[in-house]
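Undergrad: Need coordinates for the below:
(2 chains)
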There are 2 protein chains.
Amino acid sequence: MDYNKRSSVSTVPNSAPLRVGFIGLSHQKGWAVKTHYPAILQLSSQYQITALYNPQPEVALETIKALKLTNAVAFPTLESFGCNAMVDMIVISIQTTYHYSVILPLLEYSKSNPNLKYLFLEWAMACNLDQAEQIYKAAAARGLQTIVSLQGRKSPYILRAKELISQGHIGQINSIELTGNGGWYGYDRPIKSPNYIYEMGNGNDLVTNTFGHTIDLLQYMTGSYFSKINSMVFNNIPEQEVVDEHGQKTGQKIKKSVPDHLLFQGTLMKGNVPVSCSIKGGKPAKKFTKNLVIDIHGTKGDIKLEGDAGFAEISNLVLYYSGTRANDTVPMANGAVPPKNDMSMYDAGKEIMEVYHLTNYNAVLGNMFRLYESIADFHYNTKKIPSLPSQFLLQSFEFEGFPTFMDALIVQRLVDSVYQSHLLGSTLDVTSISQFPAFDPMAQA
Amino acid sequence: MDYNKRSSVSTVPNSAPLRVGFIGLSHQKGWAVKTHYPAILQLSSQYQITALYNPQPEVALETIKALKLTNAVAFPTLESFGCNAMVDMIVISIQTTYHYSVILPLLEYSKSNPNLKYLFLEWAMACNLDQAEQIYKAAAARGLQTIVSLQGRKSPYILRAKELISQGHIGQINSIELTGNGGWYGYDRPIKSPNYIYEMGNGNDLVTNTFGHTIDLLQYMTGSYFSKINSMVFNNIPEQEVVDEHGQKTGQKIKKSVPDHLLFQGTLMKGNVPVSCSIKGGKPAKKFTKNLVIDIHGTKGDIKLEGDAGFAEISNLVLYYSGTRANDTVPMANGAVPPKNDMSMYDAGKEIMEVYHLTNYNAVLGNMFRLYESIADFHYNTKKIPSLPSQFLLQSFEFEGFPTFMDALIVQRLVDSVYQSHLLGSTLDVTSISQFPAFDPMAQA
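TA: The predicted structure is shown next:
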């Protein structure tokens, strides 16, 4: 089975594209126009932008003009945007700081839109766990199919690693080491960099952002949540030097309150696997190791993932795999024993090495594109899954699907536990953070 | 300054070599004959073996004969060995299990030997911290100059790294990652391997042995003890498969109680530096990384140490260094500013790379040899240090000298804290473990 096989979604006829209402799309700048927009543009049979909201209405109008969004209407207020019935899916790509204050009223207004089915939110869900839990509950009560852009789950490298692991090619995992460099939070602050990412409480710090994305991928690849964690959080660079466009120091210094280093260690529930993790900010010399290294050691082989940038979800990676076919058959994806006459499945002791790398893969676009593809696959049931539910709450560790608010909330709880562990000076049992009570939407209404 | 310059000890005249009484030397097998003996043999102007003790007296006699120790006498009892005045230095190289029961009576007996000045003990000091503290106190009360074979401190690679760091060539250290493979404690147990190293309480486990040596070197290189630590200790392989000389499984399984993995993280006192450390046992496939990797990241450069075996103290290593001369002068060893007319000291921005490797360096012999050299340097004051004390209690982070019982006790306390942190599930403040009360030998007498 090849989980990296491209979706056949583009063969879906151009009948009823999902109508997208967008909060946070601006033709001038920002993440949305660089990632969401090209993905939607490439999937024009599946998605059509029909509504925009921006607190500055002229930005929405200009964006419609500049991007030639001929089917889109700019709404003057969040309320009019939310009530509008011409939207099947709302995408929110704004500063995390504003998620909470936008989403809760939006969900209220959206009760007037009977067509709304999907709510797509950027990671992080919110600035803190309490807000995230409230957002999760409100969206669940509204009965929406949620999506969160933990888009690294769609990275072909992460999926290839997950495939190798789940098919037993490295045996039992016995330990994992992860080191990353979270860029931003170091000695220098680029003069054009917004201040809010350096101030605690905006949901954009090294732990929430860099660690959050990366540890979600580690859990996803291994198919296990953590049972026990300990962390130490550092702000060793309380003041940054402002540098200009050419990287030259301006002489100005600005205070920073977000962390610049995280030490994290823990055990995975499945197999009690020790995981060691060190994530730093900044761009100090780091000559002898890549900015992202994930070493997964198993009883029968190893996987190494490397990236030039410390953000697995937006980096083009290289995957190294080494394994030995032991004195047993190669497990098949469905757990079946291969046919006796297929000798290729029985070449015991054969050492296998693989370097997996897509030279021109643009991970910033590619992972987001694949995430949109997955949503379309679900909506149109492109893969003809006979028992596809009309909604799913949790992707968990499935290859198919996409991360939901519940998946994101588990990461948000882990991030919160990381800060708690640091503050308390304790190793914490986090077994329960991946558990949810049976959800009764009526009770919340 | 070149701290790796060989000692001039071999020019010392052959007048009065240190007379060595040895417990644990056997010509047939063991660590002592492979390491201590060749070192002493090469330093025959400085050391002479004059006494041997073995609980089986015939082993001592045979060893004298086989190794042609013409000046040595085999003593039938620990008491007669300890009382004998023909010994200046006692070397103990036996199972850690027996350290406590041998050393305490030995120190009593040795009161009859007015010439005894040196006591040289293998790492680990003892099976547990309480025993180690008692051994430390008893040796201090006896007024001996102690030595512990934390011999990695004499490794040319460790000294080169320490030199680069202390001279500011990587700037301020901002983070460290360490991964190691401690061999023995994995899935397989070689049939000839003694059982005691797999049973807790014998002072020979992954934490005490592999981690103990390695973390001592990390502290030594960086010139800092830890202020805060957290650890998780794993015994994920409670039963090992016995393998024969050819590595083939015998079908036999034996229980193991020592750990097979340690996760350790902490902060160095100096600079609040985050340190991440993952040490595993066993020989699983580990294709894409060396069995020992120490990554030291600084504000101006990086040092990476790599070794094929996870034991820094007995492995031949490779040191990689990269740094940039910043817009300031190169610091000199003594902190002085270089003369203005020496332009080579002012070539700002020049990037420097160095790979330091001694192809034929035998680290097992070499580091021990250099340790013996250091003791001789001290005894004969080879380096003509004007104010050399007659005894020193602590090497601490000095280049000169050798690790003492006090140095070793700090490591033993750290090892104990590692187990405590795991058991308590707490991050521990370990600032005090490197502090000793002013020692009053009379109070202990």
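
Undergrad: Count the residues that sit near A:F22.
TA: Burial measure for A:F22: 28 neighbouring residues, criterion other CB atoms under 10 Å in any protein chain shown. For glycine as for every other residue, the C-beta is placed from the backbone atoms N, C-alpha and C.

Undergrad: State the phi and psi torsions of it.
TA: When read as degrees, to the nearest 10, the backbone of A:F22 gives phi -120, psi 130.

Undergrad: Could you do A:N230 as well?
TA: phi -140, psi 150.

Undergrad: show me where the stretch 1-150 of chain A has strands.
TA: Taking DSSP state E, counting those that start in this stretch, the strands of the stretch 1-150 of chain A run over residues A:18-23, A:47-53, A:73-75, A:89-92, A:118-121, A:145-148.

Undergrad: Just checking: what are the partner strands of the fourth one?
TA: Sheet pairing for strand A:89-92, assigned by DSSP bridges, gives strand A:18-23 (parallel), strand A:118-121 (parallel).

Undergrad: Repeat that for the third one.
TA: Note on strand A:73-75: by DSSP bridges, its sheet partners are strand A:47-53 (parallel).

Undergrad: and for the partner strand, what are the contacting residues?
TA: Contacts to strand A:47-53, defined as CB atoms under 8 Å, 6 or more residues apart in numbering or on different chains, come from residues A:17-23, A:25, A:40, A:60, A:63-64, A:69, A:71-75, A:77-78, A:81, A:84, A:86-87, A:89, A:372, A:376.

Undergrad: hmm, which of those are the buried ones?
TA: Among the contacts of strand A:47-53, those scoring as buried are A:17-23, A:25, A:40, A:60, A:63-64, A:69, A:72-75, A:78, A:81, A:84, A:87, A:89, A:372, A:376 (criterion: 16 or more other CB atoms under 10 Å in any protein chain shown).

Undergrad: tell me what the longest helix along chain A is packed against?
TA: Longest helix of chain A, by residue count under DSSP state H: helix A:405-424. With contacts defined as 3 or more CB pairs under 8 Å, 6 or more residues apart in numbering or on different chains; DSSP states H and E, helix A:405-424 has these neighbours: strand A:118-121, helix A:129-141, strand A:145-148, helix A:212-222, strand A:226-234, strand A:428-429.

Undergrad: how about that helix: buried residues?
TA: Neighbour-count burial for helix A:405-424 flags A:405-422 (criterion: 16+ other CB under 10 Å).

Undergrad: Can you pull out the low-pLDDT segments for chain A?
TA: The model of chain A has pLDDT under 70 over residues A:1-14, A:284-285, A:325-349, A:438-445.

Undergrad: any chance you could map the helices in it?
TA: Under DSSP H, chain A gives helices at A:31-34, A:36-42, A:57-66, A:78-83, A:99-109, A:129-141, A:156-166, A:212-222, A:363-380, A:405-424, A:441-444.

Undergrad: Need the winner for burial among these.
TA: helix A:212-222 (a mean of 24; mean count of other CB atoms under 10 Å in any protein chain shown).

Undergrad: residue contacts, A:Q395?
TA: Taking CB under 8 Å, 6+ apart, we find A:Q395 in contact with A:R153, A:G401, A:F402, A:P403, A:T404, A:D407.

Undergrad: cutoff 7 Å now
TA: A:Q395 is in contact with A:G401, A:F402, A:P403, A:T404, A:D407, counting by CB atoms under 7 Å, 6 or more residues apart in numbering or on different chains.

Undergrad: ok, now how distant is the closest residue to it other than its chain neighbours from B:G203?
TA: Nearest non-adjacent residue to A:Q395, counting by CB to CB, 6 or more residues apart in numbering or on different chains: A:G401, 4.3 Å away. Distance of A:G401 to B:G203, given as CB to CB, to the nearest Å: 52 Å.
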